[in-house]
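[1] Please find the sequence and the predicted model below.
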Amino acid sequence: MTLDAHRAGTGKPLLLVHGLGSSWKAWQLVMPALAAKREVIAIDLPGHGGTPAEPDSGTFAGQARSLDAFLDEERLVGVDMVGSSMGGRLVLELARRGRAGAVVSFDPGGFWQGGERDYVRTSLSASLALLRLLRPALPRMARSPVARAALLAQLSAKPWALDGDLVADELTSFADCATAIPLVGDLSEGPRQDGPAAPRTGRMVIGWGRSDRLLFPSQSRRAMAAFPSAGLHWFDGCGHFPMWDQPRDAARVILEAVG
């Protein structure tokens, strides 16, 4: 399975896996620090960015299958990996399958229950519909701190302070994502993420923003119960994406975990 990938740095490979509707560009703020120590491979998942969708890319199982096949194609045996949101769940799944080295998972999906499922489905579906309606104006709106605050209040603790180019990339990527609608349904209606990690998995860290308004911090308890070998790192004053709100701390947590 060929995935579009952005590579930087030299050394031992480090795989970066973005979330639903995003692309490799979600990691831009932490990539320089990571690439100073490792060869960073930041991918576009199927149906995202520069990677075409496969027939099963509208499901979590299909995304996991494609990522698993990519590891085989690239001969990335026991590769250290970092994921965010849906990508955070994907790296946990690969750890469960015994395909990962060290693992860092930021605010992973798959640990919601009850009304939290409806909240995720409803909020993401509404956001996608709005962004597609606003699609022609998104690059211009991303330059405005007021617009960033309105559009990203659910995902960032300080959206007005985010880089405008980063926000433009993220919003247009989500609006254009070919697999977003089926993935929202599959993720919100499917089973919870299974654990634990395979015994040969390296060090594991699950990071969570204390101000995450999409995947609530209380879900971290279920994640830790499923993956008891993982350590938990709290990002204070941080929303759903630590690598946006606290890139220095996020890069430090990653490098310490995979070091």
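    Looks like it arrived, so ask away.
[2] contacting residues around the spatially most central residue of the chain?
    The centre of the chain sits closest to Ser84, judged by C-alpha atoms, centre = their mean, with a distance of 2.3 Å. Ser84 makes contact with Val17, His18, Gly19, Ser22, Ala26, Phe106, Asp107, Phe241, Pro242, Met243, according to C-beta atoms under 8 Å, 6 or more residues apart in numbering. All C-beta atoms are positioned from the backbone trio N, CA, C, and that covers glycine.
[3] Now do it against Asp163, distance only.
    17 Å (C-beta to C-beta, to the nearest Å).
[4] Also Leu232?
    Relative to Asp163, and taking C-beta to C-beta, Leu232 is found at 28 Å.
[5] Can you tell me who the residue nearest to the centre of the chain pairs with across the strands?
    Phe106 (DSSP bridges).
[6] number of nearby residues for the nearest residue to Lys37 once chain neighbours are set aside?
    Excluding its sequence neighbours, the residue lying closest to Lys37 (C-beta to C-beta, 6 or more residues apart in numbering) is Leu255, at 5.9 Å. The number of residues packed near Leu255 is 17, by other C-beta atoms under 10 Å.
[7] Mind giving me the packing neighbours of whichever strand or helix holds Leu255?
    Assigned by DSSP states H and E, Leu255 belongs to helix 247-258. For helix 247-258, the packing partners by 3 or more C-beta pairs under 8 Å, 6 or more residues apart in numbering; DSSP states H and E come out as helix 31-35, strand 79-84, strand 100-106, strand 204-209, strand 231-235, helix 242-245.
[8] still on that earlier bit, I'd assumed Ala33 was in contact with the residue nearest to Lys37.
    Yes - between Leu255 and Ala33 there is a contact under C-beta atoms under 8 Å: 7.2 Å.
[9] Give the residue spans of the stretch 1-150 of the chain that score low on pLDDT.
    For the stretch 1-150 of the chain, the stretches flagged by pLDDT under 70 are 1.
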